[in-house]
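Visitor: Dropping a prediction and its sequence here:
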Amino acid sequence: MQNVISLGKFRGLQQSSNQNGLICMLALDHRQNLRKAFNPAHPERVSDQELVDFKAVLISHLAPSASAILLDPLYSAAQSIARNDLPGNIGLVVALEKTGYSGESHARQSNLLSGWNPRKAKWMGASAVKLLVYYNPKSPTSTAVRDLIDKIAEQCSEVDLAFFLEPLTYSTESPNGKLDATERRLVILQTVKDLSPLGADILKVEFPLDVQYNQKEKDWLAACSELTSACAIPWVLLSAAVDYDTYLRQVEIACQAGSCGVAVGRAVWKEAVGLSKPAQIEFLTHTARQRLELINKTCNQFGESWINRFSTPHINPDWYQHYPFTE
């Protein structure tokens, strides 16, 4: 079934896709976890400028091999435009949320970055925004998370801006929040069912199986196909900090099952952290770029274009008098 999508949202997704309508998004909106990668013992000693400079190097070397790039408002989004690091033909997706969560570990609360919203992202030239939420259907905060998604969906519609939604699941039973292998598939599937109808345009989804315990690709395919059937909108696969080789296998399976692409971060570039500048440039120019290009090729070969899931409104010559269109 096709959903009707507005002109501005359609254009934003076009800008974030390759020529085949597949999304190969490079994720670089990391904040606190990037500080920890630089200095695990004392992340507070990593300066803001170190984050800005590191991201600038990654953007300049890897963005041309992606269809879009996901950046944060603090250390990379505006800087990448002002320094002309981000090519004009690459989609810009900007995060809305604060890093991390508040509340108890079993009842996580997602929070917006103060002073930032979809309207401002539209003003500064973003193709789309992204909202990360922590979600478990059984959590006491699940209703509040859905309300937050509704709020952002409405704000995006008001300015006709594409909306990527990224739910990260967690256990309400385990002290460390990690879902066990059985629970993972059920929680991710229910999360997709709960959140995909709430007004986002693309859902960023975790791989539904714990591949440490299940290496059978026929089971991977079945679980990803289950996601596609349950998802009201197109979806892309997160890398979620798995190693590159594992992620590439996951991408092929997910795309065969109906995914419209990827949002990949550390699986491509994590080894660049801590390298000397010459070694860093060497790694990004060769290894990281080749990884991203192979992921893009895999999406093109097996993926389902997001365009197939949407239709645009009928356009009459006087369309501009009634724009933005209402249901």
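Guide: Cool, got the structure.
Visitor: After the helix or strand hosting Asp219, heading C-terminal, what element do we hit next?
Guide: If you go by DSSP states H and E, Asp219 is part of helix 217-230. Counting by DSSP H and E, the next helix or strand C-terminal to helix 217-230 is strand 235-238.
Visitor: Tell me where the stretch 201-327 of the chain has strands.
Guide: Ranges of strands in the stretch 201-327 of the chain, per DSSP state E, counting those that start in this stretch, are 202-205, 235-238, 261-264, 310-311.
Visitor: Who are the packing partners of the third one?
Guide: With contacts defined as 3 or more Cβ pairs under 8 Å, 6 or more residues apart in numbering; DSSP states H and E, strand 261-264 has these neighbours: strand 23-28, strand 235-238, helix 244-256, helix 289-302. (C-beta placed from N, C-alpha, C; glycine too.)
Visitor: can you list the ones you listed in JSON lines and add mean pLDDT?
Guide: Formatted as JSON lines, these follow (pLDDT from 0 to 100):
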{"stretch": "strand 23-28", "mean pLDDT": "98"}
{"stretch": "strand 235-238", "mean pLDDT": "98"}
{"stretch": "helix 244-256", "mean pLDDT": "97"}
{"stretch": "helix 289-302", "mean pLDDT": "98"}
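Visitor: Could you dump these into TSV with distance to Leu148 and mean neighbour count added?
Guide: What follows is the helices and strands packed on strand 261-264, written out as TSV (distance: least, Cβ to Cβ, whole Å; neighbours: other Cβ atoms under 10 Å):
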stretch	distance to Leu148	mean neighbour count
strand 23-28	21	27
strand 235-238	19	28
helix 244-256	26	21
helix 289-302	30	19
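Visitor: Which one of the ones you listed lies nearest to Pro43?
Guide: The closest of the helices and strands packed on strand 261-264 to Pro43 is strand 23-28. By Cβ to Cβ, the value is 17.5 Å.
Visitor: and the helix or strand that comes right after the closest one, what's its mean pLDDT?
Guide: Next helix or strand after strand 23-28 toward the C-terminus (DSSP H and E): helix 32-38. The pLDDT scores in helix 32-38 average 94.
Visitor: Pull the contacting residues for Ser229.
Guide: Going by Cβ atoms under 8 Å, 6 or more residues apart in numbering, Ser229 touches no other residue.
Visitor: I meant Ser196, not that one.
Guide: Ser196 touches Leu165, Leu203, Ala230, Cys231, Ala232, Ile233, Trp235, counting by Cβ under 8 Å, 6+ apart.
Visitor: Now with 7 Å, please.
Guide: Leu203, Cys231, Ala232, Ile233 (Cβ atoms under 7 Å, 6 or more residues apart in numbering).
Visitor: what does Glu252 give?
Guide: Per Cβ under 7 Å, 6+ apart, neighbours of Glu252: Thr298, Phe302.
Visitor: quick one: it and Ile295, what's the gap?
Guide: 10 Å (Cβ to Cβ, to the nearest Å).
Visitor: can you tell me which residues contact Ala68?
Guide: Contact analysis of Ala68 by Cβ under 7 Å, 6+ apart lists Ser16, Ile23, Met25, Ile90, Gly91, Val93, Ser127.
Visitor: circling back to that earlier point, now do the buried residues in the helix holding Asp219.
Guide: Trp220, Ala223, Cys224, Glu226, Leu227, Thr228, Ala230 (16 or more other Cβ atoms under 10 Å).
Visitor: Right, I'll call it a day here.
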